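Q: When you get a sec, could you give me coordinates for this:
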Amino acid sequence: MIRVAIIGTGSISRAHLQAYALFPQRCEVVALANRHVERANRLKEEFLLDCTVTEDYHELLHNKDIDLISICTPPHTHAKIAADCLLAGKHVLVEKPMAMSLEECDRMLEAADKAGRILSVIGQSRFDDSIMKLKHILDSGLAGRILHAQVEAHWWRGSSYYDMWWRGTWEQEGGGCTLNHGVHHIDLLQWMMGMPQSIQAVISNAAHNNSEVEDLSIAIFSYEQGGLAQVTSSVVHHGEERQIVLQGEHASISTPWKVVASASRPDGFPERNEALQQKIEQFGSGYEPLKYSGHAGQINDILLAIEHDSLKVLIDGREGRKVIELITAIYEAATMRRSVNLPLSTDSLFYTREGLLANAPRFHKKEISALSREEE
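A: Just a heads-up that it's a prediction; the model follows:
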């Protein structure tokens with residue numbers, strides 16, 4: 001039986017608890033930690049847990065009854081808590097974004113390597129049948145090399161979304177829609193196409209004057225063989241329609257699912273390649289759906305790794321770091337108004353949290369009172 005603790009009992013912790021509850025023969029939640037114990041106790045009662053509750057997560061570190069810790073706290077706390085847990089010998093599953101800076105990601109990775117423990121970063125969108133099917137077909141090569149990707153992470157949030165004290169600030173949230181909403185689609189793009197050579201970007205705050213971070217960003221990724229990807233991250237799009245469209249040499253495949261294949265007429269104009277479309281459709285129909293999806297799929301993945309004494313998970317800390325590197329490059333490119341080459345070095349203006357805070361644009365002023373911090 002794998003014994004689990006959860007640090008942070010805000011709204012996202014429910015997704016973790018619901019997922020762990022699907023595996024009662026394999027894991028048990030034995031502890032909850034929150035600075036405000038009454039909130040943790042409410043969650044304990046809601047999920048009928050037989051567990052301890054503490055206001056200080058440090059009390060969990062030397063508890064030998066705990067094997068795995070889910071970190072569900074605000075982004076600015078991820079790095080320290082994760083490193084502490086890893087060095088105490090615990091496996092760690094940390095919510096997205098992995099951390100606020102590449103320097104913090106590197107500290108987390110160093111701790112995981114030193115401790116020989118799993119560090120996994122939430123990327124539940126990979127554990128979705130539509131995404132797995134798209135990756136399955138992409139890996140088959142039927143669509144050919146990807147020439148252009150269109151990635152749209154379109155969300156909508158009202159101004160009251162940023163009333164929570166840590167949201168909408170560079171200091172505590174670490175960024176805006178690119179980091180906290182586009183992160184999922186940026187992870188999927190990296191998983192499917194790998195890391196680009198360079199990035200250009202623009203960011204803006206178009207609609208939220210109680211947030212100092214961006215609510216709209218557009219980035220262009222350039223790849224070694226000439227391919228391009230355009231990535232839009234937004235919290236101003238009505239309808240919240242999201243998609244990934246991959247234009248291959250031979251066919252276009254996308255989610256929501258659609259396949260289109262063109263062949264050349266003698267004069268170079270296109271005609272529909274029905275045979276290839278049918279072949280791709282048939283190949284896709286052979287995809288076997290996941291038994292568990294979303295957070296449950298990722299938690300199943302990490303439970304399997306622990307059960308088999310393995311450190312191999314689909315989204316480990318190095319995969320999580322790649323996403324932060326891409327987002328860091330977007331912020332640097334947009335702020336400095338120039339193309340940014342990858343990989344980023346430790347000399348990047350945005351490599352550290354201090355560099356981010358010193359250089360990131362503040363679109364609006366947001367006041368954070370000491371009282372509001374206590375209301376976390």
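Q: Extract the residue ranges of the stretch 251-376 of the chain that are flagged as low pLDDT.
A: Counting by pLDDT under 70, the stretch 251-376 of the chain has low-confidence residues at 368-376.
Q: how about the helices of it, start to end?
A: Under the criterion DSSP state H, counting those that start in this stretch, the stretch 251-376 of the chain contains helices at 274-285, 294-307, 317-336, 353-359, 370-374.
Q: try the stretch 101-250 of the chain
A: Under the criterion DSSP H, counting those that start in this stretch, helices of the stretch 101-250 of the chain are mapped to 102-115, 129-140, 177-180, 183-193.
Q: As CSV, could you dump the C-alpha coordinates of the shortest one?
A: What follows is the C-alpha trace of helix 177-180 in CSV, where atoms were taken according to Å, rounded to 0.1, in the frame of the first residue of the first chain:
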residue,chain,number,x,y,z
CYS,A,177,-2.1,32.9,-19.1
THR,A,178,1.0,31.5,-20.8
LEU,A,179,2.3,29.9,-17.6
ASN,A,180,-1.0,28.9,-15.9
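Q: Report all helices and strands that it contacts.
A: On a contact count with 3 or more Cβ pairs under 8 Å, 6 or more residues apart in numbering; DSSP states H and E, helix 177-180 meets strand 216-222, strand 228-234, helix 317-336. From N, CA and C alone the C-beta is placed, and that goes for glycine too.
Q: which one of the ones you listed lies closest to V30?
A: Among these, helix 317-336 comes nearest to V30, with 24.1 Å by Cβ to Cβ.
Q: export that closest one as CSV, just CAs?
A: What follows is helix 317-336, C-alpha atoms only, in CSV (Å, rounded to 0.1, in the frame of the first residue of the first chain):
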residue,chain,number,x,y,z
GLY,A,317,11.0,16.6,-13.8
ARG,A,318,13.0,17.0,-16.9
GLU,A,319,9.9,17.0,-19.1
GLY,A,320,8.4,19.6,-16.7
ARG,A,321,11.5,21.8,-17.0
LYS,A,322,11.2,21.8,-20.8
VAL,A,323,7.8,23.5,-20.5
ILE,A,324,9.2,26.1,-18.1
GLU,A,325,12.1,26.7,-20.5
LEU,A,326,9.7,27.4,-23.4
ILE,A,327,7.5,29.7,-21.3
THR,A,328,10.6,31.5,-20.0
ALA,A,329,11.8,32.0,-23.6
ILE,A,330,8.3,33.4,-24.5
TYR,A,331,8.5,35.9,-21.7
GLU,A,332,12.1,36.9,-22.6
ALA,A,333,11.3,37.2,-26.3
ALA,A,334,8.2,39.3,-25.6
THR,A,335,9.9,41.6,-23.0
MET,A,336,13.1,42.1,-24.9
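Q: Isn't G294 up against A15?
A: Yes - at 7.5 Å, G294 counts as touching A15 under the criterion of Cβ atoms under 8 Å.
Q: Overlap in contacts, the two.
A: Common contacts of G294 and A15, defined by Cβ atoms under 8 Å, 6 or more residues apart in numbering, comprise Q124.
Q: tell me the contacts of the residue lying closest to T328 once chain neighbours are set aside?
A: What sits nearest to T328 in space, not counting adjacent residues and going by Cβ to Cβ, 6 or more residues apart in numbering, is F350, at 4.9 Å. Residues counted as contacts of F350 (Cβ under 8 Å, 6+ apart) are S101, L102, T328, Y331, E332, T335, L344, L356, N359, A360.
Q: Just the buried residues of these.
A: By neighbour count, with 16 or more other Cβ atoms under 10 Å, the contacts of F350 hold S101, L102, T328, Y331, E332, T335, L344, L356, A360 as buried.
Q: you'd agree the last one is up against I330?
A: Which is A360. No - A360 is not in contact with I330 according to Cβ under 8 Å; the separation is 11.3 Å.
Q: Ok, which of the helices of the stretch 101-250 of the chain comes nearest V202?
A: Once the helices of the stretch 101-250 of the chain are compared by Cβ to Cβ, helix 177-180 is nearest, at 11.0 Å.
Q: ok, Q150 - how many residues close by?
A: Q150 has 16 neighbouring residues, counting by other Cβ atoms under 10 Å.
Q: Is it in contact with S252, as I believe?
A: No - at 9.6 Å, Q150 does not count as touching S252 under the criterion of Cβ under 8 Å.
Q: Overlap in contacts, the two.
A: Common neighbours of Q150 and S252, counting by Cβ under 8 Å, 6+ apart, are V245.
Q: Dump the C-alpha coordinates for the longest strand along the chain into PDB.
A: As assigned by DSSP state E, the longest strand anywhere in the chain is strand 146-154. Taking Å, rounded to 0.1, in the frame of the first residue of the first chain, the C-alpha atoms of strand 146-154 are listed here in PDB:
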ATOM      1  CA  ILE A 146       5.100  18.300 -39.300                       C
ATOM      2  CA  LEU A 147       5.600  21.600 -41.200                       C
ATOM      3  CA  HIS A 148       3.200  23.800 -39.200                       C
ATOM      4  CA  ALA A 149       1.500  23.500 -35.800                       C
ATOM      5  CA  GLN A 150      -1.400  25.700 -34.700                       C
ATOM      6  CA  VAL A 151      -1.900  25.500 -31.000                       C
ATOM      7  CA  GLU A 152      -4.700  27.400 -29.300                       C
ATOM      8  CA  ALA A 153      -5.100  27.400 -25.600                       C
ATOM      9  CA  HIS A 154      -8.200  29.600 -25.400                       C
END
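Q: Determine the angle, from 0 to 180 degrees, between it and strand 216-222.
A: 170 degrees (axes from the mean of the first three to the mean of the last three Cα atoms, to 10 degrees).
Q: What helices and strands are in contact with strand 146-154?
A: helix 183-193, strand 228-234, strand 243-248.
Q: Could you give the average pLDDT over it?
A: Strand 146-154 shows a mean pLDDT of 98.
Q: That strand pairs with which strands, parallel or anti?
A: As defined by DSSP bridges, the strand partners of strand 146-154 come to strand 228-234 (parallel), strand 243-248 (antiparallel).
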